[in-house]
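Trainee: Have a look at this prediction, sequence included:
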Amino acid sequence: MITARGPLVIDWMTARRGNPIADVARTLLLAETGVPAGLLLRLVLNAARRQIVAAYLKRHFELCPRDDAQLAAWRPIVAAARMNERIPGEEAQLLAMARAGLNRKVE
(Lines give C-alpha, C1' and ligand atoms only; values in the text may rest on other atoms or scores of the structure.)
Protein backbone atom coordinates (compact mmCIF):
# COMPACT_ATOMS: atom_id res chain seq x y z
CA MET A 1 0.00 0.00 0.00
CA ILE A 2 1.12 3.53 -0.64
CA THR A 3 0.35 5.81 2.28
CA ALA A 4 0.90 9.49 2.95
CA ARG A 5 4.08 8.47 4.82
CA GLY A 6 5.33 6.22 2.03
CA PRO A 7 5.02 2.53 1.07
CA LEU A 8 3.72 0.09 3.68
CA VAL A 9 3.82 -3.71 3.45
CA ILE A 10 0.97 -5.68 4.99
CA ASP A 11 1.00 -9.48 5.00
CA TRP A 12 -2.72 -10.24 4.86
CA MET A 13 -2.25 -13.96 4.17
CA THR A 14 -2.12 -14.84 7.87
CA ALA A 15 -3.99 -11.86 9.33
CA ARG A 16 -5.75 -12.81 12.55
CA ARG A 17 -6.96 -11.32 15.81
CA GLY A 18 -4.86 -12.13 18.80
CA ASN A 19 -2.10 -11.07 21.10
CA PRO A 20 0.12 -8.53 19.30
CA ILE A 21 3.23 -9.86 21.06
CA ALA A 22 2.69 -13.11 19.14
CA ASP A 23 3.31 -11.09 15.95
CA VAL A 24 6.54 -9.76 17.44
CA ALA A 25 7.61 -13.34 18.28
CA ARG A 26 6.81 -14.47 14.71
CA THR A 27 8.71 -11.55 13.20
CA LEU A 28 11.75 -12.42 15.33
CA LEU A 29 11.48 -16.05 14.32
CA LEU A 30 11.40 -15.15 10.63
CA ALA A 31 14.38 -12.82 11.04
CA GLU A 32 16.40 -15.44 12.91
CA THR A 33 15.77 -18.61 10.90
CA GLY A 34 16.89 -19.88 7.56
CA VAL A 35 20.42 -20.99 6.82
CA PRO A 36 21.93 -19.88 3.52
CA ALA A 37 24.59 -21.95 1.82
CA GLY A 38 28.17 -20.85 2.25
CA LEU A 39 30.05 -19.85 5.37
CA LEU A 40 30.77 -16.25 4.30
CA LEU A 41 27.12 -15.60 3.43
CA ARG A 42 26.03 -17.09 6.78
CA LEU A 43 28.44 -14.86 8.71
CA VAL A 44 27.30 -11.72 6.89
CA LEU A 45 23.63 -12.65 7.23
CA ASN A 46 23.94 -13.40 10.95
CA ALA A 47 25.54 -10.00 11.58
CA ALA A 48 22.79 -8.29 9.60
CA ARG A 49 20.11 -10.30 11.42
CA ARG A 50 21.37 -9.14 14.81
CA GLN A 51 21.21 -5.51 13.71
CA ILE A 52 17.76 -5.89 12.14
CA VAL A 53 16.33 -7.66 15.19
CA ALA A 54 17.79 -5.08 17.58
CA ALA A 55 16.42 -2.18 15.52
CA TYR A 56 13.02 -3.84 15.16
CA LEU A 57 12.68 -4.52 18.90
CA LYS A 58 13.90 -1.04 19.82
CA ARG A 59 11.34 0.63 17.58
CA HIS A 60 8.49 -1.73 18.45
CA PHE A 61 8.95 -1.20 22.17
CA GLU A 62 9.17 2.57 21.69
CA LEU A 63 5.61 2.33 20.33
CA CYS A 64 4.18 -0.46 22.50
CA PRO A 65 4.58 -1.58 26.09
CA ARG A 66 7.47 -3.98 26.63
CA ASP A 67 6.65 -7.43 28.04
CA ASP A 68 9.69 -9.69 27.84
CA ALA A 69 7.94 -12.52 29.72
CA GLN A 70 5.09 -12.67 27.19
CA LEU A 71 7.53 -12.47 24.29
CA ALA A 72 9.55 -15.36 25.72
CA ALA A 73 6.37 -17.38 26.24
CA TRP A 74 5.26 -16.89 22.62
CA ARG A 75 8.59 -17.80 21.03
CA PRO A 76 8.32 -21.62 21.39
CA ILE A 77 4.70 -21.49 20.26
CA VAL A 78 5.48 -19.69 17.01
CA ALA A 79 8.50 -21.96 16.44
CA ALA A 80 6.29 -25.03 16.79
CA ALA A 81 3.66 -23.50 14.51
CA ARG A 82 6.31 -22.66 11.89
CA MET A 83 7.34 -26.33 11.79
CA ASN A 84 3.93 -27.05 10.25
CA GLU A 85 4.98 -24.93 7.25
CA ARG A 86 7.65 -27.55 6.47
CA ILE A 87 10.36 -25.13 5.27
CA PRO A 88 13.34 -27.20 4.05
CA GLY A 89 16.36 -26.87 6.33
CA GLU A 90 14.53 -25.18 9.22
CA GLU A 91 13.09 -28.14 11.14
CA ALA A 92 16.06 -28.81 13.45
CA GLN A 93 16.47 -25.12 14.31
CA LEU A 94 12.73 -24.67 14.95
CA LEU A 95 12.55 -27.80 17.09
CA ALA A 96 15.50 -26.58 19.17
CA MET A 97 13.82 -23.17 19.62
CA ALA A 98 10.53 -24.78 20.67
CA ARG A 99 12.23 -27.13 23.12
CA ALA A 100 14.42 -24.39 24.59
CA GLY A 101 11.38 -22.22 25.20
CA LEU A 102 9.39 -25.04 26.75
CA ASN A 103 12.29 -25.96 29.04
CA ARG A 104 12.75 -22.33 30.12
CA LYS A 105 12.27 -21.68 33.82
CA VAL A 106 9.14 -19.61 34.34
CA GLU A 107 9.55 -16.90 36.97
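Mentor: Happy to help now that I have it.
Trainee: This structure: helices as residue ranges?
Mentor: 20-32, 39-63, 68-83, 91-103 (DSSP state H).
Trainee: Which one, of those helices, ends up nearest to residue 10?
Mentor: helix 20-32 (11.8 Å; C-beta to C-beta). (Glycine included, C-beta is placed from N, CA and C.)
Trainee: and the most centrally placed residue in the chain, what does it touch?
Mentor: Central residue of the chain (C-alpha atoms, centre = their mean): residue 28, 1.9 Å from the mean position. The contact partners of residue 28, taken as C-beta atoms under 8 Å, 6 or more residues apart in numbering, are 53, 56, 57, 71, 75.
Trainee: Among those, the buried ones, what's the PyMOL command?
Mentor: Applying 16 or more other C-beta atoms under 10 Å to the contacts of residue 28, the buried members can be selected in PyMOL as follows:
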select buried, resi 57+71+75
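Trainee: Farthest-apart pair in the contacts of residue 28, please.
Mentor: Counting by C-beta to C-beta, the most remote pair of these is 56 and 75, 14.4 Å apart.
Trainee: pLDDT score for the spatially most distant residue from the centre of the chain?
Mentor: Distance to the chain centre peaks in the chain at residue 4, reaching 27.7 Å (criterion: C-alpha atoms, centre = their mean). Note on residue 4: pLDDT of 88.
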